[in-house]
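Colleague: No sequence on hand, only this structure:
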């Protein structure tokens, strides 16, 4: 497999989910609009880069460009990691066809050396992790994906001083992690937790009861991985004397079966534990293992709980923190427990009338206090607490959200975070003192910005993108002064200048249901005196945005193909989406699909009033949650939509998992109307337009059961429809040489025929 193809597939695997959008944004222009659609920022007009070139005939983007040749795939700093002592490392191609781990100096970007060259190994490097002191590197090879985040691989430890290579374990293992001293590696094999002593070569098995579809030690189960976003469920303390880990007893969780058709005479069956809404979850417990004695101690949690969504050692190597949530995820506790007495002490408690999102934002200070994030004032912000749990101060505040956290520099007393302070569609970088003073933006005031800081926080490399700028990496100092560009994608931008691309405009759409952020892509030869068919794309899921200040994604190149064929494409973020505070997002609680669908219908109605939109030719499409809304839209809005495509949709929240569904809907028995009143299964007979439903039969996330039940409902209702099933493909529908090409050809042909 080509490196570029592998990177694309890795990207798709990480980004396609039941509640993750398929698309990003491309070059843009803000412009004044009619009374229906007005400028999002009338003080600023940005012309799309693709409209700045003229004088020669433009090329046409093809689906083969997108899904065979990956013509427009940007360059990235692959496996960019910080290295102790003010360095960073990157995994880069070597002249001999292998890949090297190269080291550079933060302050001037100078190449220092190659800690590990690919030619020194007999296998390719998939990914790597350094020990804390940088003396060893843990290398993965022959990686096999399992679910969204989980994988198993062969792992080796390479000693950078002795140049000695040591295999961690004979079989493929999961989630290995160095001890703080770099002298041991803990890992999971066949659901049991182990560690290897790198000094004497011995392997110690910590747990012995691991069993497939029954007991998991040190890793999360399927639903935790998918919805709480982590796989490794063990952690070393700072001295390497103890390992804390979670144990999942999933023996009573209902089992889901999927046929795997493959190429054999008879299909096989994959079975895994999947708790659907209202069904039993794993029983999760917290344990601490002491290496010196081999004793495992269980932590007795003093409050009723359903989930332990995070564990983290404090600055004190003898004190572990852990968080608990009730089943409805509206009662949150933070505890600290000492390995000396094993008695949990509560230090933070929060409740909500709706739900509380678990964030990774928790950092401990040298004085024993901590920084944590909360939406309690209506927006996600940082708060500082004393060691005993007393609130000291709000670190950030305002009608904007903290969206990422990058660390605390004890030397300067500054915290570094990402936020929407410069606009709900942006993600910009800031620093602030722990007492809330000296709030300062670092880097651009627009776009999407993600930094990698040096270990001393003196420098950071910023990955910036905006609608006019493909990813560019720039070195900054900690005061936010740009020092030097590291990598850009100017070649990609120049390449795109040779292609016929539509103009993209951001604006605010005024609808009967409210004002919503929107982008539109217009045909290159757009004439406002003509009428054009409109295709709407949306995701609409809780907290997710498709209208953001970022560079184009793969689907957007497809939209330019459609624009060249005479279509206008638009995306509208209605109620429930992110970037606009708790109330805007949480208003869909208990009735997923109601407001989201109503807002897409209202958006279509408002757009249909524009003089250049043919209101009789409006279509809608979406993937996953977006597929759910697209199906509802063509049924409940059958007077507005001529066509819809629904890819991998949820068709009843009764079929989806506990953590995600119950967070937003409560339990099925307590909210039957919320589950059923917004399920397209019960409205199949309302179908008037042309409807295409698509699914992968190997989707472990949104099961093909959803589509099969929808197909059956339409058959029983006697309405015509189109469908496409992709055998053994997962939620992203991408595995296989021509899968994505086939999928987008199918959707393109359906749009050209029916819209």
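Modeller: Okay, I see it. These numbers were taken from a predicted model, which means no experiment stands behind them. Numbering: from 1, shown residues only.

Colleague: Over to the nearest residue to residue 445 once chain neighbours are set aside. Which of the three states is it?
Modeller: Spatial nearest neighbour of residue 445, excluding adjacent residues (CB to CB, 6 or more residues apart in numbering): residue 422 at 4.7 Å. Quick note: C-beta positions are derived from backbone N, CA and C, even for glycine. Classification of residue 422 using DSSP: H, G, I helix; E, B strand; the rest coil returns coil.

Colleague: Make sure residue 422 is actually in contact with residue 429.
Modeller: No. Residue 422 lies out of contact with residue 429 (CB atoms under 8 Å); the separation is 9.9 Å.

Colleague: Need the residues touching each of these two.
Modeller: Common neighbours of residue 422 and residue 429 (criterion: CB atoms under 8 Å, 6 or more residues apart in numbering): residue 441.

Colleague: Neighbour count: the two, which is higher?
Modeller: More neighbours surround residue 429 than the other of residue 422 and residue 429, with 25 against 19 (other CB atoms under 10 Å).

Colleague: ok so, going back, and the gap between the residue nearest to residue 445 and residue 531?
Modeller: Separation of residue 422 from residue 531 (CB to CB, to the nearest Å): 37 Å.

Colleague: what's the answer for residue 257, then?
Modeller: According to CB to CB, residue 257 and residue 531 sit 50 Å apart.

Colleague: Which one's more surrounded, those two?
Modeller: It is residue 531, of residue 257 and residue 531, that has more neighbours when counted by other CB under 10 Å, with 16 against 10.

Colleague: could you list every residue that touches the more buried one?
Modeller: Residue 531 neighbours (CB under 8 Å, 6+ apart): 611-614.

Colleague: would you list those in JSON lines and tack on distance to residue 521, secondary structure and pLDDT?
Modeller: Output for these, formatted as JSON lines (distance: CB to CB, whole Å; DSSP: H, G, I helix; E, B strand; the rest coil; pLDDT from 0 to 100):
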{"residue": "611", "distance to residue 521": "18", "secondary structure": "coil", "pLDDT": "98"}
{"residue": "612", "distance to residue 521": "13", "secondary structure": "coil", "pLDDT": "98"}
{"residue": "613", "distance to residue 521": "13", "secondary structure": "strand", "pLDDT": "98"}
{"residue": "614", "distance to residue 521": "16", "secondary structure": "strand", "pLDDT": "98"}
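
Colleague: out of the residues you listed, which one sits closest to residue 587?
Modeller: Closest approach to residue 587 among the contacts of residue 531 (CB to CB): residue 613, at 27.6 Å.

Colleague: so who does that closest one touch?
Modeller: 531-532, 534, 568, 607.

Colleague: so which of the contacts of residue 531 is the most crowded?
Modeller: residue 613 (21 neighbours).

Colleague: Kindly present the contacts of residue 531 as JSON lines, with separate columns for distance to residue 368.
Modeller: Shown next, in JSON lines, are these (distance: CB to CB, whole Å):
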{"residue": "611", "distance to residue 368": "64"}
{"residue": "612", "distance to residue 368": "62"}
{"residue": "613", "distance to residue 368": "60"}
{"residue": "614", "distance to residue 368": "65"}
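
Colleague: Looking at those, which one is closest to residue 572?
Modeller: Nearest to residue 572 among these: residue 613, at 13.2 Å, using CB to CB.

Colleague: For the closest one, name its beta-bridge partners.
Modeller: On the basis of DSSP bridges, residue 613 is bridged to residue 532.

Colleague: lowest-pLDDT helix or strand in this protein?
Modeller: strand 29-30 (a mean of 30; mean pLDDT, DSSP states H and E).

Colleague: and stretch 218-237, what's its mean pLDDT?
Modeller: The pLDDT scores in stretch 218-237 average 98.

Colleague: So residue 585, which state does it fall into?
Modeller: helix.

Colleague: and the gap between it and residue 424?
Modeller: Distance, residue 585 to residue 424, by CB to CB: 11 Å.

Colleague: Give me the common contacts of those two.
Modeller: The contact sets of residue 585 and residue 424 overlap at residue 578 (CB under 8 Å, 6+ apart).

Colleague: quick revisit: nearest to residue 368, out of the contacts of residue 613: which one, please.
Modeller: Nearest to residue 368 among those is residue 607, at 55.2 Å by CB to CB.

Colleague: That closest one - that's part of a helix, no?
Modeller: Yes. Counting by three-state DSSP, residue 607 is part of a helix.

Colleague: Apart from its chain neighbours, what residue comes closest to it?
Modeller: Nearest residue to residue 607 in three dimensions, chain neighbours excluded: residue 613, at 5.4 Å (CB to CB, 6+ apart).

Colleague: coming back round to it: now for the residue nearest to residue 445: which residues touch it?
Modeller: Residue 422 is in contact with 428, 441, 445-446, counting by CB under 8 Å, 6+ apart.

Colleague: For the stretch 251-400 of the chain, which segments count as helices?
Modeller: Using DSSP state H, counting those that start in this stretch, no helices are found in the stretch 251-400 of the chain.

Colleague: my bad, the chain
Modeller: For the chain, the helices defined by DSSP state H occupy 3-15, 63-67, 222-227, 490-496, 554-564, 582-586, 594-608, 625-636, 658-665, 672-676, 705-717, 739-754.

Colleague: elements contacting the last one?
Modeller: Using 3 or more CB pairs under 8 Å, 6 or more residues apart in numbering; DSSP states H and E as the contact definition, the elements that helix 739-754 packs against are helix 63-67, helix 554-564, strand 613-623, strand 643-647, strand 690-696, strand 722-726.

Colleague: ok, 6 Å please
Modeller: Applying 3 or more CB pairs under 6 Å, 6 or more residues apart in numbering; DSSP states H and E, one finds that helix 739-754 makes contact with helix 63-67.

Colleague: residues making contact with the helix it packs on?
Modeller: With contacts defined as CB atoms under 6 Å, 6 or more residues apart in numbering, helix 63-67 is touched by 71, 554, 557, 740-741, 744.

Colleague: Pull the number of nearby residues for residue 559.
Modeller: Using other CB under 10 Å, residue 559 has 27 neighbouring residues.

Colleague: Also residue 299?
Modeller: Residues near residue 299, counting by other CB under 10 Å: 20.

Colleague: Compute the distance between the residue nearest to it when sequence neighbours are not counted and residue 192, please.
Modeller: Spatial nearest neighbour of residue 299, chain neighbours left out: residue 286 (4.2 Å); criterion: CB to CB, 6+ apart. For residue 286, the distance to residue 192 equals 17 Å [CB to CB].

Colleague: Looking only at neighbour counts, state which of those two leads.
Modeller: residue 286 (22 against 19).

Colleague: Please tell me the pLDDT value assigned to that one.
Modeller: pLDDT recorded at residue 286 is 98.

Colleague: List the residues that contact residue 699.
Modeller: Residues near residue 699 by CB under 6 Å, 6+ apart: 648, 730-731.

Colleague: 10 Å instead, please
Modeller: Taking CB atoms under 10 Å, 6 or more residues apart in numbering, we find residue 699 in contact with 18, 258, 624, 648, 705-707, 726, 728-733.
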